[in-house]
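Asker: 3D, please:
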Amino acid sequence: MTHAKEHRRRPWWKRWPLWLTASAAVLLLSVAAIELTDKPVGAMPVERNAPQAVGLAYREVAIPTEGGKHLFGWFIPAEGTEPAPTVAVLHGWGGNAGMLLPLAPLLHRAGYAVLLFDARNHGNSDSDGSSTLPSFAEDLEHALDWLALQPDVDAARLAALGHSLGAAAALLVASRRDLAAVVSISAFADPQSNIRRILAAYHIPYFPIGTVFRYYKQHTMGQRISDIAPRNAIRKIHYPVLLVHGSEDETVPIADAKTIYAERPGENVRLVILAGGHDLTQQAERYAGELIDFLDQATGRGRGAQSGSSDR
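Answerer: Numbering: from 1, shown residues only. Predicted coordinates:
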């Protein structure tokens, strides 16, 4: 028997050079996938325009977190001297507080205090570990805890508003603590499906890379990915929720918003579908009336809560 024939008859798992090469390729691609979703790659854009650029008085704040780290933020107090209902605003992956600045004048005019802040590893906040859905949620928890201690904030009327990953974090936080309301803009329904889209965008095959990635993330987070999915978090929220999504969103399909909405536990959830893509911030004026009406009712400034869905 020739050496070539003997090699062809060997079981594939005994062809160690081929197996070693394949394993190395899977490992390298898995590391690449982890790096892509562990921290934003490259220099992150930092806030260019402070709230003064839109005519708002504010103060820069440093929100303490674990290990002596801090989150950078802008606190915009409401008019008047009484403690005011307040909205904590959290950007998405790779963003910063300045990207959601267009929301601040709308909320301020309606009588709300506003906190816009950077998640860890973003904008002007400190670097600290990985950027994940749980870490975004932890950062939002710190921001809400900080707000509750401010004398010009009505701690009983705190609301959270997030975009994309920030929206997923807002829903996760809302499933764990009492708030007056939560607003989700362009949230994905499940981290796993979102990871599939990210890997596909970089032409990285989901199998077996996605499997390795999933087990790695669940190990580092100490919990199953499905447990923190917005589609599951919404089931535990029993106060008003506003879901806003663009009908032409190519980053997170509109189907994700409908999936989250379908899992709602009651009639306290409202879905608003707008003509537009993933970043609806620049179109804030278009849904300002819906947003303010929702918050007014949820915080007791209106006459009661609405429910249902609407297309625009």
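Asker: burial check on His142, number of neighbours?
Answerer: 20 (other C-beta atoms under 10 Å). Yep, even glycine has a C-beta here, placed from its N, CA and C like the rest.
Asker: quick check: closest non-adjacent residue to it.
Answerer: Once flanking residues are discounted, His142 sits nearest to Thr65: 5.0 Å by C-beta to C-beta, 6 or more residues apart in numbering.
Asker: so what's the one you found up against?
Answerer: Shown in contact with Thr65 (C-beta atoms under 8 Å, 6 or more residues apart in numbering): Leu71, Arg120, Asp126, Asp128, Glu138, Asp139, His142.
Asker: distance of it relative to Ala275?
Answerer: Distance from Thr65 to Ala275, counting by C-beta to C-beta, to the nearest Å: 38 Å.
Asker: next, the buried residues of stretch 51-67.
Answerer: Pro51, Leu56, Tyr58, Val61, Ile63, Thr65 (16 or more other C-beta atoms under 10 Å).
Asker: what is the most widely separated pair among the residues you listed?
Answerer: Greatest spatial distance in those: Leu56 and Thr65, 25.4 Å, computed using C-beta to C-beta.
Asker: Tyr58 is in contact with Pro51, correct?
Answerer: Yes - if you go by C-beta atoms under 8 Å, Pro51 and Tyr58 touch, sitting 4.2 Å apart.
Asker: any shared contact partners between the two?
Answerer: In contact with both Pro51 and Tyr58: Trp74, Ile76, using C-beta under 8 Å, 6+ apart.
Asker: quick check, pLDDT for Asp227.
Answerer: On pLDDT, Asp227 comes in at 85.
Asker: then Thr81?
Answerer: pLDDT at Thr81 comes out at 89.
Asker: now Ser23
Answerer: Reported pLDDT for Ser23: 46.
Asker: ok, Gln192 next?
Answerer: On the pLDDT scale, Gln192 gets 76.
Asker: distance of it from Arg231?
Answerer: Where Arg231 is concerned, Gln192 sits at a distance of 10 Å (C-beta to C-beta).
Asker: mind checking which of the two has more residues around it?
Answerer: Arg231 (20 against 16).
Asker: starting at the chain centroid, how far to the longest strand seen in the chain?
Answerer: With secondary structure taken from DSSP state E, the chain has its longest strand at strand 153-163. From the chain centre to the centre of strand 153-163 is a distance of 16 Å (C-alpha atoms, centre = their mean, to the nearest Å).
Asker: could you point out the helix or strand that follows it?
Answerer: helix 165-174 (DSSP states H and E).
Asker: hang on, the earlier thing: among the buried residues of stretch 51-67, name the ones in strands.
Answerer: Using DSSP E, the buried residues of stretch 51-67 in strands are Val61, Ile63.
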